[in-house]
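Asker: sequence plus the predicted model coming up.
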2 protein chains.
Amino acid sequence: MNTSDICPRFEKAVGILSQRWTVLIIYQLLSGPQRNCTIKDGIGISGRLLSERLKDLEEEGIVERKVYPETPVRIEYSLTEKGYSMEPLVKHIEKWSQDWIEKE
Amino acid sequence: MNTSDICPRFEKAVGILSQRWTVLIIYQLLSGPQRNCTIKDGIGISGRLLSERLKDLEEEGIVERKVYPETPVRIEYSLTEKGYSMEPLVKHIEKWSQDWIEKE
DNA sequence: TTATTTAGTTACTTTATGTAACCTATATTA
DNA sequence: TAATATAGGTTACATAAAGTAACTAAATAA
C-alpha cells in the first residue's frame, strides 16, 4: 500500500522528468524548432520512441507539433511556453553535471 | 546508430535523474538520515526497488549507508556531500511543479 | 523454543524500452 | 508509367526495468 504523502504536482513533475529521453528532447528543442529527424540525430533516440515521447510531451502541453504543407511536407516540433519554462531547470541539471559528475 | 554529440556528464546526470524513484529518495533524505522502512513509507516505494536504488545511489556516491550494531541492528541511509549538492536541483523541480503543473 | 522485527532477496508478472522491418504520401528520376 | 527516394510514423517482436508477494537471515525477547 502506498501511504506516501508527497505533493501530487511534485510527483507528476518527477514522473515527467524520470521518463527516459524527456529531458534530452527538451534540451534539444531549446536550440529552436526542428523536425523529427533532426531531434533523432541530435540525441540518438530511435524513431519509435521519439514519436511516442513527442506525443506524450504534446499531451502534457510541453511540445507543439506544426505541419507545413510544403513539398515535401515539413513537420516541426517546438517548445510551448510551458516547455520553455523548463529551460532553467534543464540548465540547472547541466550545471550540476559539470560540477559533480567526473569525467570518465 | 547513435551519432549524438551530447556531453557525457550531462547524459550521465540525466540518466541518474531519469531513473524512477531516484529523485523521490533524495527528496526524502533531505529531511535527514533515516532507515529503510522510513523511506519506504515516506514515498511509497516497494522494498525490492528501494534496496536496488539505495545500492545504485551508494555506488554513485550520492547516498551513504551506516550500520549501527544496536539491538536490533539499525541501518541508516543519509545523503553524502554530493547528495546534498542536489538539494537546489530538487527544490527547483518542486518549484517548477508548483508553477506549471495544474491541480488535478 | 517460538515469535518478532528489519533489511534484503527470490520468483514471477507487467510495463517500458530497444531494434528492425514495414507502410503511406509525395516528389523525383529513369 | 514505373521505379526510386525521403520523411514521418507504425507494427511486431526481443530485452530490460519496474511492480508484487512470498521468503530468508540475523538478532533479540518472551
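Answerer: Structure's in. What do you need? Residues are numbered from 1 along each chain as shown, chains lettered A, B, ... in the order given.
Asker: give the residue spans of chain A that score low on pLDDT.
Answerer: Residues of chain A meeting the criterion pLDDT under 70: A:1-4, A:104.
Asker: so which bits of chain A are right by DNA strand C?
Answerer: For chain A, the residues found near DNA strand C under the criterion Cβ under 7 Å from any atom of the strand are A:19-21, A:45-49, A:71-73. Where C-beta positions appear, they are placed from N, C-alpha and C, glycine not excepted.
Asker: mind checking the SS state of the residue nearest to A:Glu58 when sequence neighbours are not counted?
Answerer: In space, and not counting its chain neighbours, A:Glu58 is closest to A:Arg65: 5.7 Å by Cβ to Cβ, 6 or more residues apart in numbering or on different chains. Put simply, A:Arg65 is strand when judged by DSSP: H, G, I helix; E, B strand; the rest coil.
Asker: return the distance of the residue nearest the centre of chain A relative to B:Gly44.
Answerer: In chain A, the residue lying closest to the centroid (Cα atoms, centre = their mean) is A:Ile26, at 3.1 Å. Plainly put, A:Ile26 is 27 Å away from B:Gly44 if you go by Cβ to Cβ, to the nearest Å.
Asker: the residue nearest to A:Glu58: how many residues sit nearby?
Answerer: 13 (other Cβ atoms under 10 Å in any protein chain shown).
Asker: with A:Val23 instead?
Answerer: Using other Cβ under 10 Å, A:Val23 has 25 other residues around it.
Asker: assumed it was part of a strand.
Answerer: No. Counting by three-state DSSP, A:Val23 falls outside a strand, being helix.
Asker: where does the residue nearest to it when sequence neighbours are not counted fall, secondary structure wise?
Answerer: With sequence-adjacent residues excluded and distances taken as Cβ to Cβ, 6+ apart, A:Val23 is closest to B:Val14, at 4.9 Å. Assessed by DSSP states H and E, B:Val14 sits inside helix B:8-17.
Asker: what does A:Asp99 give?
Answerer: Taking DSSP H and E as the definition, A:Asp99 sits inside helix A:87-100.
Asker: got the angle between that helix and helix B:87-100?
Answerer: Using axes from the mean of the first three to the mean of the last three Cα atoms, to 10 degrees, the direction of helix A:87-100 lies 170 degrees away from that of helix B:87-100.
Asker: buried stuff in helix A:87-100?
Answerer: The neighbour-count criterion (16 or more other Cβ atoms under 10 Å in any protein chain shown) identifies A:89-90, A:92-94, A:96-97, A:100 as the buried residues of helix A:87-100.
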